[in-house]
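Student: sequence and predicted model, in that order:
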Amino acid sequence: MEKILVTGAFGQLGTELRLLTEGRTDFLFTDIREEGPVRRLDITDAMAVRHFIRDNGITGIINCAAYTDVNKAESDQALCNAINADGPGVLARAARRCNAALIHISTEYVFDGKRRSGGYVETDRRHPLSAYGRSKRDGEDRVRRSGCCGVIIRTSWLYSPFGKNFVKTMLRLGAEKSEIGVVRDQVGSPTYARDLAEAILAMLPQIGDRHGDIYHFTNDGICSWADFASAIMHEAGLPCRVRPITTAEYPSPAVRPACSILLKEKIQRDFGIVLKPWQQSLKDCLTRL
């Protein structure tokens, strides 16, 4: 019987995977804390990971665990690197030992975002500009060097009804303010965590003998953060006006890519994944909030 370990069970993606597999006994969920059916597992603890995988007969791993506070990572690099680089390496080496397939989640922050036209394909040169981006690049490298069976999925602008994310922040600000400034010169594609979770579950039985292959997944379509914010206000019926501003008008500790566009032809071709328009997925998410 297949046994799938999902790490980062309390995050946005992990939560959606828990909901989609509710009632199934072939999925085991872990996080840094134990609560209900979610068991404790520190992915940076090689001994604990090895024992967990061996004792539970794990045949597949979906690594949703991540340090995602992009700004805080600039001053908390040790913890960020431990979770985003060391942890994936631990999981990948353990996966190779027991012949388990690993699906590891990465990010568009591995690129510098300076592309003037088009977007990034999976083989484009990486050049992260932030501590967070460098940690995720290093995580990719450790997974690929391990030689384990599996794939890496890069995504961007993740949101859901759970945890902290842009959609929930905009809804809160939209209810409090009559006008907010949102960056217009950073463009990309929003990703609904539910859609990514469904794609992962569809990919899992098709991994085959892939070893460290990289795929991009987001919802279909491109927008700026200001465009995204305006759509949120409109769909939620909030009267708050979105005022487009430049990145220079909204400085942050971490450098953020101006172009976060990930091209996704490869995942559609190899796995038959159908991408939903980001506008449709935003509506779906808002109905759950």
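Tutor: Perfect, thanks for sending it. Values in this document were obtained by computation on a predicted structure and should not be read as measured data. Numbering: from 1, shown residues only.
Student: now stretch 10-22: mean pLDDT?
Tutor: Stretch 10-22 shows a mean pLDDT of 98.
Student: next one: stretch 254-262
Tutor: 98.
Student: what ranges do the strands span in the chain?
Tutor: With DSSP state E as the criterion, the chain has strands at 4-7, 27-31, 39-40, 60-63, 101-107, 150-155, 158-159, 179-183, 187-188, 191-192, 211-216, 223-224, 241-245, 259-260.
Student: CA atoms only for the fifth one, dumped as PDB, please.
Tutor: Same thing as strand 101-107. C-alpha atoms of strand 101-107 as PDB (Å, rounded to 0.1, in the frame of the first residue of the first chain):
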ATOM      1  CA  ALA A 101       9.400   9.700  -4.700                       C
ATOM      2  CA  LEU A 102       9.800  13.300  -3.600                       C
ATOM      3  CA  ILE A 103       7.800  16.300  -4.700                       C
ATOM      4  CA  HIS A 104       9.500  19.500  -3.500                       C
ATOM      5  CA  ILE A 105       7.900  22.900  -3.700                       C
ATOM      6  CA  SER A 106      10.100  25.900  -4.800                       C
ATOM      7  CA  THR A 107       9.500  29.500  -5.900                       C
END
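Student: how close does the residue of the chain most remote from its centre sit to A231?
Tutor: For the chain, the largest distance from the centre (CA atoms, centre = their mean) belongs to S178, which lies 31.2 Å off. In this view, S178 and A231 are 18 Å apart by CB to CB, to the nearest Å. Every residue, glycine included, has its C-beta placed from N, CA and C.
Student: then E16?
Tutor: Applying CB to CB to E16 and A231 gives a distance of 21 Å.
Student: mind checking which of these two has more residues around it?
Tutor: Shown here are E16 and A231; by other CB atoms under 10 Å, E16 has more neighbours (23 against 20).
Student: OK, contacts around L5?
Tutor: Residues near L5 by CB atoms under 8 Å, 6 or more residues apart in numbering: L28, T30, F52, I53, N56, I58, G60, I61, I62, A100.
Student: relative to Y192, how far out is the second one?
Tutor: Spelled out, that is T30. Taken as CB to CB, the span from T30 to Y192 is 24 Å.
Student: which ones are touching the residue farthest from the centre of the chain?
Tutor: Contacts of S178 (CB under 8 Å, 6+ apart): P239, C240, R241.
Student: now render those as a markdown table, adding distance to V70, neighbour count and pLDDT.
Tutor: Formatted as a markdown table, the contacts of S178 follow (distance: CB to CB, whole Å; neighbours: other CB atoms under 10 Å; pLDDT from 0 to 100):
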| residue | distance to V70 | neighbour count | pLDDT |
| --- | --- | --- | --- |
| P239 | 30 | 10 | 97 |
| C240 | 24 | 20 | 98 |
| R241 | 26 | 13 | 98 |
